[in-house]
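Asker: sequence first, then the predicted structure:
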Amino acid sequence: MYLQQERLIKPQGPTNNHLFHHIITLLKDLISKPSFSGEESYTATLIQCFLQNRWVETHRKLHNVWAFNRFYDPAKPTILLNSHHDTVKPNSQYTRDPFTPSVAGDKLYGLGSNDAGGCLVALLATFLHFYDRPDLPYNLCYAATAEEETSGENGLKLILPELGHLDFAIVGEPTLMNLAIAEKGLMVLDCIATGKSGHAAREEGDNAIYKALADIAWFSNFAFPKVSGTLGPVKMSVTLINGGIQHNIVPGTCSFAVDIRLTDAYTRDEILQIVRQHVKSTVTPRDFYLKPSAIDVNHPVVKAGWIAGCSTYGSPTTSDQALLNIPSVKLGPGDSARSHMPDEYIFVSEIHNGIKVYTQILETLIFTLINKTADCEGITPNNFLN
């Protein structure tokens, strides 16, 4: 555990055995402590102590922990390195104890190992590698944040005003170390179909479930005509339904929820207007809304990702990237397909490679900024370093 250990000798290099051993131990400790959204106090303390034991000054607000590089200079651009340490609750199909980290070959099992513990510790190791460098042409801000899984108010959103000016960000989520240069947004609709109650044995009432089914069929079959070049089509899924109170009563109401993954082809209001034009149910959007995002492919961090061998794609899943009003990419070890699955795992070698790629990207940006080519004017992946 890192709560009471003595301060350690500072390791040298991003993936040396000394540091790598300790970040894997940290990840195991994080797995062993439940950190459901809103309940991340202990894991926040683990992360904070891990940094403090390495002579890093930390900041904390509720369950969010952040730090800046030693030679922070407000005149320089700042890169945010962000990932989250909250998890969803384990589903009923787990065959392993979700809070007992275990290694089988190259696989590290445990809740939060893939989403997003591997990203969190890989970014932490990368931050520590650059922490003491006096020659950085930019600042680094490492932020381990809470409540990502629930899009809560007390996570990244809470501390953004505390971080100062940020120029762009790398958001750690499991992407197989491919660059997500665009990300779908999220809007959730609460819908209520209204009929009239009556006795099921007589020709009474107006069945609200049947009305709801007609609207649900529309959500299932409708295809929005405009398709995003990076994010593909808007996707709508009915995910919850509730109707009726007793077998012999015709239900007067039926409620259901719709998960809509937004793209840059439509605004939130345009989607809402189209929905209301086609369904008879009352439609109310929930208060929270995650906007879709995208970064210019000519941005230096994208160019640096290409140099590091990363492919680019548009992500169908949402993250805290939606809260940022700066250019950002989503990138990290692990596979999004493993997130929230039973017996979640990450390959230890993926974490090692993640540190390597993160480090290479930041080294490339050092070259770029020192040579005053940060705008990448006329630069392609082939001549970027020439």
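Answerer: Ah, there it is.
Asker: distance of residue 209 relative to residue 242?
Answerer: 10 Å (Cβ to Cβ, to the nearest Å). C-beta: built from backbone N, CA, C; applies to glycine.
Asker: more crowded one of the two?
Answerer: residue 209 (17 against 12; other Cβ atoms under 10 Å).
Asker: list the buried ones in the strand or helix carrying the more buried one?
Answerer: Residue 209 is part of helix 208-221, with elements assigned from DSSP states H and E. Applying a neighbour-count criterion of 16 or more other Cβ atoms under 10 Å, one finds 208, 209, 211, 212, 213, 215, 216, 219 buried in helix 208-221.
Asker: can I get those residues in JSON lines including pLDDT and distance to residue 289?
Answerer: JSON lines is the format used below for those (pLDDT from 0 to 100; distance: Cβ to Cβ, whole Å):
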{"residue": "208", "pLDDT": "97", "distance to residue 289": "27"}
{"residue": "209", "pLDDT": "97", "distance to residue 289": "29"}
{"residue": "211", "pLDDT": "97", "distance to residue 289": "27"}
{"residue": "212", "pLDDT": "98", "distance to residue 289": "24"}
{"residue": "213", "pLDDT": "97", "distance to residue 289": "27"}
{"residue": "215", "pLDDT": "98", "distance to residue 289": "21"}
{"residue": "216", "pLDDT": "98", "distance to residue 289": "22"}
{"residue": "219", "pLDDT": "98", "distance to residue 289": "18"}
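Asker: thinking again about what came up before, what residues do residue 209 and residue 242 have in common as contacts?
Answerer: Common neighbours of residue 209 and residue 242 are listed as residue 254 (criterion: Cβ atoms under 8 Å, 6 or more residues apart in numbering).
Asker: who's in contact with residue 168?
Answerer: So residue 168 contacts 77, 79, 80, 295, 299, 301, 326, 327, 328 (Cβ under 8 Å, 6+ apart).
Asker: out of those residues, which are buried?
Answerer: Buried residues within these, defined by neighbour count using 16+ other Cβ under 10 Å: 79, 80, 295, 299, 301, 327, 328.
Asker: between those, which sits nearest residue 339?
Answerer: residue 328 (19.1 Å; Cβ to Cβ).
Asker: any idea how far residue 193 is from residue 214?
Answerer: The gap separating residue 214 from residue 193 is 8 Å, by Cβ to Cβ.
Asker: try residue 158
Answerer: Residue 158 is 37 Å from residue 193, where distance means Cβ to Cβ.
Asker: and these two? which has more neighbours close in?
Answerer: residue 193 (26 against 17).
Asker: chain center to the host helix or strand of the more buried one, what's the gap?
Answerer: Take DSSP H and E as the rule and residue 193 turns out to sit in strand 185-194. Once both centres are worked out by Cα atoms, centre = their mean, to the nearest Å, strand 185-194 turns out to sit 23 Å from its chain's centre.
Asker: just the contacts of residue 168 now: which is nearest residue 117?
Answerer: Using Cβ to Cβ, residue 80 comes nearest to residue 117 of the contacts of residue 168, at 18.8 Å.
Asker: can you report how many residues lie near the closest residue to that closest one other than its chain neighbours?
Answerer: Using Cβ to Cβ, 6 or more residues apart in numbering and skipping residues adjacent in sequence, the residue nearest residue 80 is residue 169, 3.8 Å away. Using other Cβ under 10 Å, residue 169 has 24 neighbouring residues.
Asker: assign a three-state SS to residue 169, would you?
Answerer: strand (DSSP: H, G, I helix; E, B strand; the rest coil).
Asker: ok, back up a step: so can I have CSV of the buried ones among the contacts of residue 168 showing secondary structure, pLDDT and distance to residue 351?
Answerer: What follows is these, written out as CSV (DSSP: H, G, I helix; E, B strand; the rest coil; pLDDT from 0 to 100; distance: Cβ to Cβ, whole Å):
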residue, secondary structure, pLDDT, distance to residue 351
79, strand, 97, 20
80, strand, 98, 20
295, coil, 94, 24
299, coil, 93, 26
301, helix, 94, 21
327, coil, 95, 26
328, strand, 95, 21
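Asker: restrict the helix holding residue 209 to CA atoms and write it as CSV.
Answerer: Extracted in CSV, the C-alpha atoms of helix 208-221 (Å, rounded to 0.1, in the frame of the first residue of the first chain):
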residue,chain,number,x,y,z
ALA,A,208,-50.5,2.9,-23.1
ILE,A,209,-48.1,0.0,-23.7
TYR,A,210,-49.4,-0.4,-27.2
LYS,A,211,-48.9,3.3,-27.8
ALA,A,212,-45.4,3.1,-26.4
LEU,A,213,-44.6,0.1,-28.7
ALA,A,214,-45.4,2.1,-31.8
ASP,A,215,-43.0,4.8,-30.7
ILE,A,216,-40.4,2.3,-29.7
ALA,A,217,-40.6,0.8,-33.2
TRP,A,218,-39.9,4.2,-34.6
PHE,A,219,-36.8,4.6,-32.4
SER,A,220,-35.7,1.2,-33.5
ASN,A,221,-36.1,1.7,-37.3
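Asker: now list whatever residues contact both of residue 214 and residue 193.
Answerer: With Cβ under 8 Å, 6+ apart, residue 214 and residue 193 have common neighbours residue 280.
Asker: these two touch, right, the residue nearest to residue 80 and residue 78?
Answerer: No - Residue 169 lies out of contact with residue 78 (Cβ atoms under 8 Å); the separation is 9.4 Å.
Asker: cheers, nothing more for now.
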